[in-house]
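Trainee: need coordinates for the following:
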Amino acid sequence: MNRQEVLQAVDQEVSAMLPALARPEQKAVAGLVVGVVSAEQARLSRASAAIPGPAQDRSKLRRSQRLLANPRLDVARAQRRLVRRVLAQRRGRLDLLLDATTTSATAHDGGTVTLCFAVAWHGRAIPVLWRTWSARTPGQDWRGALQEMTQTFHDLLAQEAPGGAPPPEVVLLADRGLSGSTLARLAQERGWHYLLRVIRTTQVAIATTPVATAPTRGAAAPTDRQPISALVPTPGAPSVCLSGVHLYPPRRKRRRGAGGWQTCWDAALTAQVVAVWRAQDEEAWLLVTDLPAATARCTEYRRRTWEEELFRDLKGLGWHWNQSRVRRPERVERLLLVLALATLWMLGLGQRVLRHGQRVLLEERARRCYSVFQLGLRWLRRCLTNDQPVQVTFTLLPLAFAPCPKLS
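Mentor: Numbers count the residues shown, from 1 in each chain. Reported below is the predicted structural model:
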């Protein structure tokens with residue numbers, strides 16, 4: 001199977017995935033997806049040169065540039081189609097991962113910031129919704145983008161629920177840089193659970209006694225109001241799980257003449273807290289959630305790192321998105337759509353390599369060396385080298401919710 005035949009197969013998948021997109025744009029998207037995968041590079045000059053066809057490289061490059069600048073490529077509509085495609089193969093609990101990343105930053109330019117929702121999927125994450133803005137533009141508020149993204153995903157879940165059935169259980173996971181009252185309350189408004197890692201200076205007011213602690217003699221009882229890090233002050237301290245903890249109290253100015261600010265603990269968020277600091281860890285795991293307080297939350301929180309693996313696939317070990325030199329936010333969003341389709345293709349291909357027992361052709365039989373993404377990428381190289389048929393699909397194999405491996 002040559003690259004021209006691969007391009008035709010990708011074109012058919014793009015047409016099925018984005019049927020509302022005009023035919024010239026469908027062809028351009030398919031070409032750029034094949035170029036990115038072939039060159040393993042998101043920089044337009046290299047990706048465009050890898051697009052099959054007799055046209056000059058300069059013509060291919062201009063076509064790719066016009067695609068990223070074309071407003072007819074509606075990213076929001078394409079994201080909705082992407083969410084539907086991913087959710088159609090998902091069963092059970094849905095872990096929604098939130099993180100932000102910066103691209104195209106230089107010593108004189110902050111580049112662009114992309115806020116990304118991804119669905120956890122068997123050791124990897126699939127980007128489904130994202131918003132981008134320039135890091136140097138003043139007045140940018142990620143909270144507005146977050147509210148829009150959560151509402152969009154909530155609406156899509158309700159639409160995709162079969163036969164009027166309730167939508168799947170959603171757990172929102174985020175790291176310290178994005179955690180806070182805004183995110184927790186947004187999750188509550190959407191009817192989702194949340195599992196957030198918070199900074200060590202987060203103030204908590206303890207309303208109940210610990211529901212579970214590791215047995216350690218001489219453990220001091222926590223005080224009423226304190227930083228959350230005081231629950232596990234040193235490595236090896238007993239793990240603490242608390243219910244009914246108050247945190248993120250709103251602040252308001254005191255009445256005229258009183259001066260200063262007033263902290264309203266009566267209106268604070270009530271949640272569960274899990275604090276774990278094992279002897280071999282550099283930092284404590286300080287988690288806030290509305291799920292039952294238990295150390296199992298630390299194991300579940302590990303899934304959030306799958307989005308970091310996604311960024312590694314998009315950047316250093318995959319498409320090298322950080323070298324793309326695309327800085328306009330709307331063009332970054334369109335480029336990320338192309339990268340998301342390329343990633344989805346590689347994940348689907350890697351899944352089928354595992355399903356058909358072909359992994360041993362790429363790595364040692366005794367142990368796994370490559371991720372599902374890398375298996376798909378290396379299988380594509382092998383097929384093109386040996387002139388073998390390549391399966392082109394943007395559909396993942398059905399996946400039911402599975403427990404996360406132990407915290408390590």
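
Trainee: going forward, measure contacts between C-alpha atoms and count neighbours the same way
Mentor: Will do.

Trainee: mind checking pLDDT for R85?
Mentor: Note on R85: pLDDT of 88.

Trainee: give me the neighbour count for the closest residue to it other than its chain neighbours.
Mentor: Once flanking residues are discounted, R85 sits nearest to T395: 6.9 Å by CA to CA, 6 or more residues apart in numbering. When neighbours are counted by other CA atoms under 10 Å, T395 registers 18.

Trainee: and what of R190?
Mentor: Residues contacting R190 under the criterion other CA under 10 Å number 14.

Trainee: verify the contact between it and Q151 for me.
Mentor: Yes. The pair R190 / Q151 is scored as a contact, 7.4 Å apart, by CA atoms under 8 Å.

Trainee: pLDDT-wise, which helix or strand of the protein ranks last?
Mentor: Within the chain, no helix or strand scores below strand 212-213, which has a mean of 50 by mean pLDDT, DSSP states H and E.

Trainee: report the mean confidence score over whatever helix or strand comes next after it.
Mentor: Per DSSP states H and E, strand 212-213 leads on to strand 225-227 as the next helix or strand towards the C-terminus. Strand 225-227 shows a mean pLDDT of 89.

Trainee: immediately after strand 225-227, which helix or strand?
Mentor: Following strand 225-227 toward the C-terminus (DSSP H and E): strand 240-247.

Trainee: output the contacting helices and strands for that next one.
Mentor: Judged by 3 or more CA pairs under 8 Å, 6 or more residues apart in numbering; DSSP states H and E, the packing partners of strand 240-247 are strand 203-205, strand 212-213, strand 269-276.

Trainee: and these as a markdown table, adding distance to V113 and mean neighbour count?
Mentor: Shown next, in a markdown table, are those (distance: least, CA to CA, whole Å; neighbours: other CA atoms under 10 Å):
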| stretch | distance to V113 | mean neighbour count |
| --- | --- | --- |
| strand 203-205 | 29 | 21 |
| strand 212-213 | 40 | 17 |
| strand 269-276 | 29 | 24 |
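
Trainee: so which of those strands gets nearest R58?
Mentor: Smallest distance to R58 across these (CA to CA): 55.8 Å, for strand 269-276.

Trainee: tell me the helix or strand right after that closest one.
Mentor: Counting by DSSP H and E, what follows strand 269-276 is strand 285-289.

Trainee: would you give the sheet partners of that following strand, along with the direction of each?
Mentor: With DSSP bridges as the test, strand 285-289 is paired with strand 193-197 (antiparallel), strand 269-276 (antiparallel).

Trainee: nearest to A145 among those strands would be which one?
Mentor: Of all the strands paired with strand 285-289, strand 193-197 comes closest under CA to CA, at 18.1 Å.

Trainee: buried residues in that closest one?
Mentor: Residues H193, Y194, L195, L196, R197 are the ones in strand 193-197 that count as buried (16 or more other CA atoms under 10 Å).

Trainee: stretch 23-34 too?
Mentor: Applying 16+ other CA under 10 Å to stretch 23-34 flags E25, Q26, K27, A28, V29, A30, G31, L32, V33, V34 as buried.

Trainee: can you tell me what sits against it?
Mentor: By CA atoms under 8 Å, 6 or more residues apart in numbering, the residues outside stretch 23-34 that reach it are 6-7, 10-11, 14-15, 18, 47-48, 50-52, 63-64, 67, 73, 338-339, 341-342.

Trainee: enumerate every residue touching S181.
Mentor: Counted by CA under 8 Å, 6+ apart, S181 has contacts Y248, L269.

Trainee: for the residue most central in space within the chain, give the beta-bridge partners.
Mentor: Nearest to the geometric centre of the chain sits A118, at 3.1 Å (CA atoms, centre = their mean). On the basis of DSSP bridges, A118 is bridged to L97, P127.

Trainee: surely it meets A125?
Mentor: Yes. Between A118 and A125 there is a contact at 5.6 Å, judged by CA under 8 Å.

Trainee: so where's this protein shaky on pLDDT?
Mentor: 139-140, 161-165, 207-223, 256-259, 399-408 (pLDDT under 70).

Trainee: biggest helix in it, by residue count?
Mentor: helix 329-355 (DSSP state H).

Trainee: give me the contacts around stretch 383-394.
Mentor: Applying CA under 8 Å, 6+ apart, the contact partners of stretch 383-394 are 1-3, 6, 9-10, 13, 341, 344-345, 348-349, 380.

Trainee: that stretch: end-to-end distance?
Mentor: 18 Å (CA to CA, to the nearest Å).

Trainee: do stretch 379-391 as well
Mentor: First-to-last residue span, stretch 379-391, CA to CA: 10 Å.
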